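Undergrad: Give the three-dimensional model of this entry:
(4 chains)
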2 protein chains.
Amino acid sequence: MGAQPLWREIAEDLQQQIERGEWRPGALLPPEVELRARYNASRNTVRDALKWLSTRGLVQSRAGRGTFVAETVDPFVVTMTATGPGGGETDPYLEDSRLQGRDSTLTTPRVEIQKADADVAAGLRIGEGELVVLRHQQRMVDGRPCSLHTTFYPHRLVEEGAERLRVADPIREGVSRYLDETLDLRETGFRDRLIARPPNKIESMFFRIPDDGSISMIGVTRVGFDQHGRPLRLIVTVYAADRNHLVYDIGQVPPAT
Amino acid sequence: MGAQPLWREIAEDLQQQIERGEWRPGALLPPEVELRARYNASRNTVRDALKWLSTRGLVQSRAGRGTFVAETVDPFVVTMTATGPGGGETDPYLEDSRLQGRDSTLTTPRVEIQKADADVAAGLRIGEGELVVLRHQQRMVDGRPCSLHTTFYPHRLVEEGAERLRVADPIREGVSRYLDETLDLRETGFRDRLIARPPNKIESMFFRIPDDGSISMIGVTRVGFDQHGRPLRLIVTVYAADRNHLVYDIGQVPPAT
DNA sequence: CCGTATTTGTTCGTATGTATT
DNA sequence: CAATACATACGAACAAATACG
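TA: Below is the predicted model of the structure:
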């Protein structure tokens, strides 16, 4: 076997001990000097091992305190195909959170008007540089930041009468209903495109996760289409992968147990 | 300003240069000794910077060769809601690959019979330890390993007549059609549950990605239900996040441009 | 095929800084 | 203030992989 570097041996030994539950999540690992003695390696080699565990999300080190076994978060299950009355800003995940006994809150939207960049323009099928209304929101579950939402509406919707879109007040009855009542536009379908990638600096700060890429982001780009097959809005959502599971129910699906 | 470690300064400087395109993807970065001179830092500090870039997937180092700017892979777009004739092993993504001008192949299934562990039993709503038929398959796109599939069928389906499930031959007409014709069971809905996580050792080897967690896996657990609302099969798929985008079309969605 | 130069990988040592208790 | 523990940064030596003549 062997031929494996010492730091890797140490890392995998520690990994097995963690996975066997010899240390509970949140427990303090022995300090580096003690591991150095235990494995008969230099402190740098022990640190290489701990770093590897850290980038895989198994441990977390804090200066002056020690190295801890990572806490396992009970993931929040987000039903992406929820058909609530709103589907908008009155919290489409309220049902999810109620079922899971969680406390989910959406912040009041922060609203901007910008020119569409290439990606937004392509999604909404408008010209690059045309105006769009952005509505930013943040979701907290049990006090923990869980996801970041940005919805882009073509500014033409405002011009045609949906004035409240550019006001930084929650549209309590749901944006879908508001657009239906105001402009007779209904979101009759949507296309979600999912990717996973490392967090950027802003996301690391918002989600309070280490910026070593140990926890990745799930990015969902949703284009909603109206009854005429025209893009109605573009929702860009970023989920922290350690605390969210995404669920799609397609066709006839019995309720979850 | 400062208050930022030297290795991080170096890393972000290199990151900006990469993102500004001063090195093309695949290009060779200057060797560590040269960066050491350029930034007036020790080789270990330069290596810390390169390691940070590496775990974020921006560069890749190879012993004896050098450090390269990561190649950007043109992602394969997988339509998760495809309603092909098979929906099974005749390649549900054939349409996707044809549209994208890609060459997609599925390996011949490797078949096993096992006892259901807790997760599989819960998904299929059978007792833990009951027999299940596993069918493993691998997907390659343009010669690159793209996803790993394992489908679990309750062994009762075999006992009731679907004998071909336990034979390691592709079911060319599609498992869905086979089960319909044999047992009058149709998959009328499914529930997908998505997570993102670091690769394990096996996945690192199969997908040929570094095992530092720089590229994460997207795991999809699909439970398919028959017309009676009973779980028909459990499909566990692992996608390498750097080369796959997942798409869900819900409701009325115009064709992609 | 062999030997050499180049480049990254591993491992050690040491010193000092910073955060926490 | 002192003790503890991790973070940063330097230097050095050798191993392993690769490329090239």
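
Undergrad: Excluding sequence neighbours, find me the nearest residue to residue A:195.
TA: Closest residue to residue A:195 apart from its sequence neighbours, by CB to CB, 6 or more residues apart in numbering or on different chains: residue A:219 at 4.9 Å. Quick note: C-beta positions are derived from backbone N, CA and C, even for glycine.

Undergrad: Now stretch A:38-53: buried residues?
TA: Judged by neighbour count (16 or more other CB atoms under 10 Å in any protein chain shown), stretch A:38-53 contains these buried residues: A:39, A:41, A:45-53.

Undergrad: swap that for stretch A:3-16, sorry
TA: Buried-residue list, stretch A:3-16, by 16+ other CB under 10 Å: A:7, A:10-11, A:14-15.

Undergrad: and the residue nearest to residue A:195, that's in a strand?
TA: Yes: counting by DSSP: H, G, I helix; E, B strand; the rest coil, residue A:219 is found in a strand.

Undergrad: Do I have it right that it meets residue A:238?
TA: Yes: Residue A:219 is within contact range of residue A:238, at 5.4 Å (criterion: CB atoms under 8 Å).

Undergrad: So for the residue nearest to residue A:195, what's the pLDDT?
TA: Listed pLDDT for residue A:219 reads 98.

Undergrad: try residue A:162
TA: Listed pLDDT for residue A:162 reads 94.

Undergrad: Then residue A:83?
TA: For residue A:83, the model assigns a pLDDT of 62.

Undergrad: So what's the residue count around the residue in chain A positioned nearest to DNA strand C?
TA: Residue of chain A nearest DNA strand C, by CB to the nearest atom of the strand: residue A:64 (2.4 Å). Counted with other CB atoms under 10 Å in any protein chain shown, the neighbours of residue A:64 add up to 4.

Undergrad: and the residue nearest to residue A:207 when sequence neighbours are not counted, how many neighbours?
TA: Nearest non-adjacent residue to residue A:207, counting by CB to CB, 6+ apart: residue A:240, 4.5 Å away. Residues contacting residue A:240 under the criterion other CB under 10 Å number 26.

Undergrad: Look up how far residue B:48 lies from residue A:240.
TA: According to CB to CB, to the nearest Å, residue A:240 and residue B:48 sit 25 Å apart.

Undergrad: Same check on residue A:129?
TA: 42 Å.

Undergrad: Could you measure from the residue lying closest to residue A:103 once chain neighbours are set aside over to residue B:5?
TA: Once flanking residues are discounted, residue A:103 sits nearest to residue A:142: 5.4 Å by CB to CB, 6+ apart. Counting by CB to CB, the separation of residue A:142 from residue B:5 is 33 Å.

Undergrad: Tabulate the buried residues of stretch A:3-16 (a markdown table), appending pLDDT.
TA: Below are those laid out as a markdown table (pLDDT from 0 to 100):
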| residue | pLDDT |
| --- | --- |
| A:7 | 97 |
| A:10 | 97 |
| A:11 | 97 |
| A:14 | 97 |
| A:15 | 96 |
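
Undergrad: Residue A:183: what's it in contact with?
TA: Shown in contact with residue A:183 (CB atoms under 8 Å, 6 or more residues apart in numbering or on different chains): A:157, A:160-162.

Undergrad: Okay, strands next: where are they in chain A?
TA: Secondary structure of chain A (DSSP state E): strands at A:59-62, A:66-69, A:76-79, A:104-106, A:110-115, A:131-141, A:144-154, A:189-197, A:217-225, A:231-240, A:244-251.

Undergrad: So what touches the first one?
TA: If I follow you right, that is strand A:59-62. Contacts for strand A:59-62 (CB under 8 Å, 6+ apart): A:14, A:18, A:29, A:50, A:53-54, A:67-70, A:210.

Undergrad: Which residues are in contact with the residue in the stretch 101-250 of chain A positioned nearest to DNA strand D?
TA: Closest approach between the stretch 101-250 of chain A and DNA strand D, counting by CB to the nearest atom of the strand: residue A:210, at 9.0 Å. Counting by CB under 8 Å, 6+ apart, residue A:210 touches A:54, A:60, A:204.

Undergrad: among the residues you listed, which are in reach of DNA strand D?
TA: Among those, no residue is within reach of DNA strand D (CB under 7 Å from any atom of the strand).

Undergrad: Up against DNA strand C, what does chain A have?
TA: Near DNA strand C, when you scan chain A using CB under 7 Å from any atom of the strand, you find A:5-8, A:40-45, A:48, A:62-65.

Undergrad: Of the residues you listed, which belong to helices?
TA: Judged by DSSP state H, these include A:6-8, A:43-45, A:48 as members of helices.

Undergrad: Determine which two of the residues you listed are furthest apart.
TA: A:8 and A:43 (16.5 Å; CB to CB).

Undergrad: could you point out where chain A is predicted with low confidence?
TA: Counting by pLDDT under 70, chain A contains low-confidence residues at A:1-2, A:83-99, A:257.

Undergrad: Give me the distance between residue A:106 and chain B.
TA: From residue A:106 across to chain B, the span is 21 Å (CB to the nearest CB, to the nearest Å).
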